[in-house]
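give me a model of this one.
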Amino acid sequence: MDVASLAPGVEEVLEKHRFDVGALERYLREHLEGFSGPPVIGQFRGGQSNPTYCLGAGGRRYVLRRKPPGKLLPSAHAVDREYRVITALGPTGFPVPKTYVYCGDESVIGTPFYVMDYVPGRVFADPLLPGVTPKERAAMYDSFNECLARLHTVDFAAIGLADFGRSGQYVARQIHRWTGQYRASETERIEAMERLIEWLPPHIPAEDPTTLVHGDFRPGNTLMHPTEPRVVAVLDWELSTLGHPLSDLAYNCIPYHLPPEDSLGGVAGVGLAASGIPTEEEYLTAYCRRTGRTGVADWEFYVAFSLFRLAAIAQGIMGRFIAGTANDPEAAERGRRARPLAEAGWALIEKRRGT
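Below you'll find the predicted structure:
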């Protein structure tokens, strides 16, 4: 087996993300039952903030996720939290890969890491889900919906995640956090962002449930079955915590508020009926049926909040680009999304207010 044959999207490991393969092999022989080397290792290409590798060894394939090397923010790249939530969800039947081992000892490969099963599947980064029939597309969206609803109805305390985050006031804390992040990396005045920063805090809805939330639930972070229109694994749990389920749902629905030409991907203005993609109202109705909700109040608030959060993240990328510390080759383009995302969020609020 060579790197090219490990899995789709796998290439040679980037120089800056290489590590001592021998040390890894010795560790896994001792801590992963049935592991036999030496491993063939390649790296998945993509936007993961945590370097992700495919390991082929003993006729099996595994996935390794690790913290990137270098100086990091204290709470960023939390692979230990990823491992914990995936491991806790596995026995519930929720679609996540089987986990094998977490290693917090930096002396092994330089940073903490964990190993999980390799799950074959298709990744659709574009919410338009190109290349499939309308019937398949409808089934895929229904599977996305079912996964998110199931996540939000998991008894997180029963699976050992009662202390996985703080209960209550999630949205208020997120607004405070991302306003601070935005100010720290601000490179220009964005009027729509100023208005959102002023308007959002006093208009937070009173309903304040707490569930397990993914934090970045979108088609690109799921694996679809190789031939069937159903999700077989939800990936990239770095932002997962205890939080407000409607914030997770609104983030998932952002494509309904962006055009297809947007770099983040959108479905606004597309003939949804012909495409097989449900309308936003249909998607929300299905979610409510699955979670037992009678409806979704203050929907525009949650979508505007999600767009505000994305705008703050984009501004952070732009700040790093201007400072010369961005690793992403598309950092400038991603950073420029701050203004249109904030404007889209504020437009929703103005529509809600009838102005």
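
ok, which stretches of the chain are helices?
In order along the chain, the chain carries the following helices (DSSP state H): 21-31, 79-89, 106-109, 134-152, 170-185, 191-199, 245-252, 272-275, 280-291, 299-323, 331-335, 338-353.

quick one: low-confidence ranges for the stretch 51-200 of the chain?
The stretch 51-200 of the chain contains residues with pLDDT under 70 at 70-77.

out of the helices of the chain, deepest packed?
helix 245-252 (a mean of 24; mean count of other CB atoms under 10 Å). Every residue, glycine included, has its C-beta placed from N, CA and C.

quick check: angle from that helix to helix 170-185?
Note on geometry: by axes from the mean of the first three to the mean of the last three CA atoms, to 10 degrees, helix 245-252 and helix 170-185 are set 50 degrees apart in direction.

dump helix 245-252 to CSV, restricted to CA.
The C-alpha trace of helix 245-252 is given here as CSV (Å, rounded to 0.1, in the frame of the first residue of the first chain):
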residue,chain,number,x,y,z
PRO,A,245,-29.7,23.8,19.7
LEU,A,246,-31.2,26.6,17.6
SER,A,247,-27.8,28.2,17.1
ASP,A,248,-26.6,24.9,15.7
LEU,A,249,-29.7,24.6,13.5
ALA,A,250,-29.4,28.2,12.2
TYR,A,251,-25.7,27.6,11.4
ASN,A,252,-26.7,24.5,9.4
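
and the average pLDDT for it is what?
Helix 245-252 shows a mean pLDDT of 97.

name the residues that touch that helix?
For helix 245-252, contacts defined as CB atoms under 8 Å, 6 or more residues apart in numbering pick out 144, 148, 151-152, 170-171, 174, 207, 209, 211, 213-218, 284, 287, 291, 296, 299, 302-303, 305-306, 309.

can you do 7 Å?
For helix 245-252, contacts defined as CB atoms under 7 Å, 6 or more residues apart in numbering pick out 148, 152, 170-171, 209, 211, 213-214, 217-218, 287, 296, 302-303, 305-306.

ok, now stretch 35-44?
Identification of contacts with stretch 35-44 by CB under 7 Å, 6+ apart yields 1-3, 6, 9-14, 17, 21, 25, 28-29, 51-58.

check stretch 204-221 too.
Applying CB under 7 Å, 6+ apart, the external contacts of stretch 204-221 come out as 123-125, 127, 129, 144, 148, 151-152, 154, 156, 161, 167-169, 171-172, 234-237, 239-245, 247-248, 251-252, 297-298, 301.

if we can go back for a sec, could you dump the helices of the chain to JSON lines with distance to Pro38?
Converted to JSON lines, the helices of the chain look like this (distance: least, CB to CB, whole Å):
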{"stretch": "helix 21-31", "distance to Pro38": "6"}
{"stretch": "helix 79-89", "distance to Pro38": "24"}
{"stretch": "helix 106-109", "distance to Pro38": "15"}
{"stretch": "helix 134-152", "distance to Pro38": "36"}
{"stretch": "helix 170-185", "distance to Pro38": "42"}
{"stretch": "helix 191-199", "distance to Pro38": "51"}
{"stretch": "helix 245-252", "distance to Pro38": "41"}
{"stretch": "helix 272-275", "distance to Pro38": "47"}
{"stretch": "helix 280-291", "distance to Pro38": "46"}
{"stretch": "helix 299-323", "distance to Pro38": "37"}
{"stretch": "helix 331-335", "distance to Pro38": "36"}
{"stretch": "helix 338-353", "distance to Pro38": "45"}
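
quick one: which of these is nearest Pro69?
Proximity to Pro69 (CB to CB) singles out helix 106-109 among the helices of the chain, at 9.5 Å.

I'd like to know which elements that closest one is packed against.
Other elements packing on helix 106-109 under the criterion 3 or more CB pairs under 7 Å, 6 or more residues apart in numbering; DSSP states H and E are helix 21-31.

show me what the helix it packs on is packed against.
Using 3+ CB pairs under 7 Å, 6+ apart: helix 21-31 touches helix 106-109.

center of this protein, which residue is that?
Asp216 (2.8 Å; CA atoms, centre = their mean).

from the contacts of helix 245-252, pick the one nearest Val96.
Closest approach between the contacts of helix 245-252 and Val96, by CB to CB: His214, at 10.7 Å.

now do that closest one against Thr241, distance only.
According to CB to CB, to the nearest Å, His214 stands 9 Å off from Thr241.

so which of these two has more stuff around it?
Per other CB atoms under 10 Å, whichever of His214 and Thr241 has more neighbours is His214, with 25 against 19.

and Gly93, how far from Ala139?
In terms of CB to CB, Gly93 sits 19 Å off from Ala139.

hang on, I meant Glu146
Using CB to CB, Glu146 is found at 10 Å from Ala139.

ok, now Gly90?
Gly90 sits at a distance of 24 Å from Ala139 (criterion: CB to CB).

give me the neighbour count for Thr210.
Count around Thr210 with other CB under 10 Å applied: 17.
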